[in-house]
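In: Mind looking at a prediction? Sequence and model below.
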Amino acid sequence: MATLKTNTLTGTSTAGSIAVTGEGNSTTTNLQQGLAKAWFQSSNAAVLQDSFNISGGTDNGTGDYTFAYSNNMNNQLYSCSGHIIDLNPRICNVTSTATSSYRVVYNNQEDEDRDVANANDINGDLA
């Protein structure tokens, strides 16, 4: 088996586009589009504990946080997913997305805002 070592991969027909053959060898996926563009783990005060492409968090009030990107998204039409580190049931609601940030509110089952420690990842196209 050969080992390929490189610092840069560039597509031959389009520099920023590399197709990767998927499992089963019947489909391809675009490498850049298949990567998470940002992720973070934060405390219940929007303090980043670890992150990728997140420059900081803002605590807007109980359970209401805004997280800013280090490198903007191409548009505000991207997806966010997350999980909450809490023993009680919580609901994660992304309330707005922008190219430079997104806002999320966490609620309990009674629809009351609650502070939580959380982790999220963001998928889409970078600017």
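Out: It's in. If you're wondering where the values come from, they're calculated on a predicted model, not measured in any experiment.

In: Give me the contacts around the helix-or-strand element of the chain with minimal mean pLDDT.
Out: Here the helix or strand of the chain ranked lowest by mean pLDDT, DSSP states H and E is strand 28-30, holding a mean of 80. Outside of strand 28-30, the residues within contact range by Cβ atoms under 8 Å, 6 or more residues apart in numbering are Ser17, Ile18, Ala19, Val20, Thr21, Gly22. The C-beta positions use only the backbone N, C-alpha and C, and glycine is treated the same way.

In: Once you drop chain neighbours, what's closest to the fifth one?
Out: So the one you mean is Thr21. Nearest non-adjacent residue to Thr21, counting by Cβ to Cβ, 6 or more residues apart in numbering: Thr28, 5.5 Å away.

In: for the first one, same thing?
Out: Setting aside the residues directly before and after it, Ser17 is nearest to Gly11 in space (Cβ to Cβ, 6+ apart), at 4.5 Å.

In: among the contacts of strand 28-30, which two are most distant?
Out: By the measure Cβ to Cβ, Ser17 and Gly22 form the most distant pair in the contacts of strand 28-30, at 15.7 Å.

In: Helix or strand next in line after whichever strand or helix holds Gln49, which one?
Out: Per DSSP states H and E, Gln49 falls inside strand 48-52. Using DSSP H and E, the helix or strand that follows strand 48-52 in sequence is strand 54-61.

In: Also compute the angle for the following helix or strand past that next one relative to strand 48-52, please.
Out: Counting by DSSP H and E, the element after strand 54-61 in chain order, helix or strand, is strand 64-69. Relative orientation of strand 64-69 versus strand 48-52 (axes from the mean of the first three to the mean of the last three Cα atoms, to 10 degrees): 40 degrees.

In: before we move on, the earlier item: quickly run through the sheet partners of the least confident helix or strand of the chain, with directions.
Out: strand 19-21 (antiparallel) (DSSP bridges).

In: Contacts for the strand it pairs with next, please.
Out: Contacts of strand 19-21 (Cβ under 8 Å, 6+ apart): Gly11, Thr27, Thr28, Thr29, Asn30, Leu31, Gly34.
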